[in-house]
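Visitor: structure for the following, please:
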Amino acid sequence: MSIFGDLMNTATGGTGTTNPAGLGHPGLVNALLGLLGNRQTGGVGGLVQLFEQQGLGHLVQSWIGTGQNQPVTPQQVESALGHGRLASLAQEAGIPQGQASSILASVLPGLIDHLTPNGTVDHNLIEQGINVLRGRMA
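Guide: This next block holds a predicted model:
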């Protein structure tokens, strides 16, 4: 499977389509992709900074690096993103904020890992990946 196929499976929770188990939520993943693809808000680098500012840089660095991804809790996701940003993502997805933080906690490590396959943030690759995901989720 290609990196973008792997990325789609990671973002949706498994099969490349909406996951009945609820691990991925297309609306929330699409909202997250908007955040990650927005260079004005810093994209992936901005997300890294948000986690680092909350003392969680070691988590996000494990996702970017080539080793094993460390898990993140819903509370850590809310702490890093902030209440307002998380509420906005949840509203855009049409789901409760608590559900959004849980889904993001399950999706973020693999999504960031797949967007940084060589252990570095490659903005061109990230934009390609985001565009592929958006096209398949539409």
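Visitor: next up, identify which helix or strand the residue nearest in space to the middle of the chain is on.
Guide: A centroid search over the chain (C-alpha atoms, centre = their mean) returns Leu108, at 3.7 Å, as the residue closest to the centre. Assigned by DSSP states H and E, Leu108 belongs to helix 97-115.
Visitor: returning to what we had before: and the residue nearest to the centre of the chain, what does it touch?
Guide: Shown in contact with Leu108 (C-beta atoms under 8 Å, 6 or more residues apart in numbering): 32, 63, 72, 77. For glycine as for every other residue, the C-beta is placed from the backbone atoms N, C-alpha and C.
Visitor: just the buried ones from those residues?
Guide: Buried residues within the contacts of Leu108, defined by neighbour count using 16 or more other C-beta atoms under 10 Å: 32, 63, 72, 77.
Visitor: end to end on stretch 69-84, go ahead and measure it.
Guide: 26 Å (C-alpha to C-alpha, to the nearest Å).
Visitor: so which bits of it are buried?
Guide: Going by neighbour count (16+ other C-beta under 10 Å), the buried part of stretch 69-84 is 69, 72, 74, 76-81.
Visitor: just send these back as a markdown table, with distance to Gly94 and pLDDT too.
Guide: Converted to a markdown table, these look like this (distance: C-beta to C-beta, whole Å; pLDDT from 0 to 100):
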| residue | distance to Gly94 | pLDDT |
| --- | --- | --- |
| Asn69 | 28 | 93 |
| Val72 | 23 | 96 |
| Pro74 | 18 | 96 |
| Gln76 | 24 | 97 |
| Val77 | 18 | 95 |
| Glu78 | 18 | 95 |
| Ser79 | 23 | 95 |
| Ala80 | 22 | 94 |
| Leu81 | 18 | 92 |
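Visitor: where does pLDDT dip in the chain?
Guide: Counting by pLDDT under 70, the chain contains low-confidence residues at 1-24, 122-123, 125-126, 129-130, 132-138.
Visitor: any chance you could map the helices in it?
Guide: Secondary structure of the chain by DSSP state H: the helices cover 3-12, 26-37, 43-53, 57-64, 74-81, 83-93, 97-115, 123-137.
Visitor: for the fifth one, packing partners?
Guide: To tie it back to what came earlier, the one meant is helix 74-81. helix 43-53, helix 83-93, helix 97-115 (3 or more C-beta pairs under 8 Å, 6 or more residues apart in numbering; DSSP states H and E).
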